[in-house]
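Enquirer: need a structure here:
(one chain, ligands or ions: 1)
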Amino acid sequence: MNDTKIEWCDMTWNPVTGCLHGCEYCYAKKVAHRFDGKVFDTSPLPGGLHVLEDRPPWPPYPYGFAPTFHRYRLGDPASKTKGKTIFVCSMADLFGSWVPTKWIVDVLDACLAAPQHRYLFLTKNPKRYLELNEVALLPHQDNFWYGSTATNPETDLMAWSDSFHTFVSIEPMLGPFGVPSPSFNHNIGWYIIGAETGNRKGKVVPKKEWVQEVVDYCREAGKPVFMKDSLLPIMGEAGMVREFPWNMKKGGAWSDHLRNRFERVE
Ligand code: SF4
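Expert: I've put the predicted structure just below:
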């Protein structure tokens, strides 16, 4: 586990790395390739997956951004006794369709074994949450937060129910969301907003009014909202909002709207 500059958590923990979504703005992929090296001459599993049983001496991403299970990291949360807010798999999409269910279950079990921490998960494939829940593999823990990344208003996402905390990360914000939007749902407990970083050609810089629209919705709906530092040049310090939802009450249920959306994509 590592300390992090990500403003909405204390630490990141990456028992699984690598991702196949192929987002053109991906920062994690650049980092992984900076520290890759193919020092281990092992054949990948079907699907190009890799498993590392032992901690590699160096580099930390021997298979670059190919999906890799670092099994030796599973004990990390239990080894830290002081409770932290941990972003699980900041260098992967743990719930990507290519990730074996066994990997996910092993990671969730490691979280359950260290209940002193708060765990934040984030995916671009939230229907995997639903699939796991339907076979009773998604823990209903108070210290687990299930997040969905939404870069545009049509993105599928998971809303909270009376037994889940859920949040939405609008990062990078690639356009206006518009209100009402399917991404604004009364069952979602927290909104994070961030702008694309780096100097990619075609980089989208959000307009102040796009951000303000989300904030206005959250204000009206009584939801916490968190702006990442990447919005500072757009909002100015006076316009920044940094709220955490940890004390909010759970409530609501799977909305019919979201269930319909999941059914539509299945
Ligand atoms: S989902 Fe995240 S980790 Fe995966 S390619 Fe996109 S930005 Fe990178």
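Enquirer: going forward, measure contacts and count neighbours with C-alpha atoms only.
Expert: Will do.
Enquirer: Buried ones in the helix or strand that contains Asp109, by neighbour count?
Expert: According to DSSP states H and E, Asp109 maps onto helix 101-112. Using 16 or more other C-alpha atoms under 10 Å as the test for burial, helix 101-112 gives 103-104, 107-108, 110-112.
Enquirer: Between the residues you listed, which sits nearest the ligand?
Expert: Comparing the buried residues of helix 101-112 against the ligand with C-alpha to the nearest ligand atom picks out Ile104 as the nearest, at 15.9 Å.
Enquirer: Now for the closest one: which residues touch it?
Expert: Neighbouring residues of Ile104 by C-alpha atoms under 8 Å, 6 or more residues apart in numbering: 94-95.
Enquirer: Give me the phi and psi angles of Phe87.
Expert: Listed backbone geometry of Phe87 is phi -80, psi 110, with angles given as degrees, to the nearest 10.
Enquirer: what's the pLDDT at it?
Expert: Phe87 carries a pLDDT value of 97.
Enquirer: about what we covered before: closest to Phe226 out of the buried residues of helix 101-112?
Expert: Cys111 (24.4 Å; C-alpha to C-alpha).
Enquirer: which residue packs closest to that closest one, ignoring adjacent ones?
Expert: Pro77 (6.9 Å; C-alpha to C-alpha, 6 or more residues apart in numbering).
Enquirer: what are the ranges of the helices in this structure?
Expert: With DSSP state H as the criterion, the chain has helices at 27-34, 76-79, 101-112, 127-134, 208-221, 232-239, 256-265.
Enquirer: Out of these, which is closest to the ligand?
Expert: Taking C-alpha to the nearest ligand atom, helix 27-34 is the member of the helices of the chain nearest to the ligand, at 5.5 Å.
Enquirer: that older thread, quick check: the residue nearest to Cys111 touching Leu108?
Expert: No - if you go by C-alpha atoms under 8 Å, Pro77 and Leu108 don't touch, sitting 11.1 Å apart.
Enquirer: residues in contact with the spatially most central residue of the chain?
Expert: Most central in the chain under C-alpha atoms, centre = their mean is Leu122, positioned 1.8 Å from the mean C-alpha point. Applying C-alpha under 8 Å, 6+ apart to Leu122 gives the contacts 88, 93-94, 146-149, 169.
Enquirer: Just flag the most distant two among these.
Expert: Across the contacts of Leu122 (C-alpha to C-alpha), the longest gap, 15.5 Å, separates Leu94 and Ser169.
Enquirer: Which residues of the chain lie near the ligand?
Expert: Contact residues, the chain versus the ligand (C-alpha under 6 Å from any ligand atom): 19, 21-23, 26, 28-29, 91-93, 124.
Enquirer: related to what we said a few turns ago, the helix holding Asp109: how far from the chain's middle?
Expert: 16 Å (C-alpha atoms, centre = their mean, to the nearest Å).
Enquirer: please begin residue numbering at 831 from this point
Expert: Right, with 831 as the first residue, what we last looked at is helix 931-942.
Enquirer: follow-up on the earlier one: ok, Leu924 and Ser999, which is more surrounded?
Expert: Neighbours per residue, other C-alpha atoms under 10 Å: of Leu924 and Ser999, the larger number sits with Leu924, 30 against 23.
Enquirer: my read: that one touches Val846, true?
Expert: Yes - taking contacts as C-alpha under 8 Å, Leu924 lies within contact range of Val846: 6.6 Å.
Enquirer: Skipping its backbone neighbours, what lies nearest Phe895 in space?
Expert: Phe895 sits nearest to Gly848 (C-alpha to C-alpha, 6+ apart), 4.2 Å away.
Enquirer: and the one you found, what does it touch?
Expert: 859, 862, 894-898, 921-923.
Enquirer: Among these, name the ones in strands.
Expert: Cross-referencing the contacts of Gly848 against strands under DSSP state E gives Thr898.
Enquirer: Kindly give a single PyMOL line that selects the buried subset of the contacts of Gly848.
Expert: Burial among the contacts of Gly848 is assessed by 16+ other C-alpha under 10 Å; the matching PyMOL selection reads:
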select buried, resi 859+862+894+895+896+897+898+921+922+923
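Enquirer: Kind regards, and thank you for your time.
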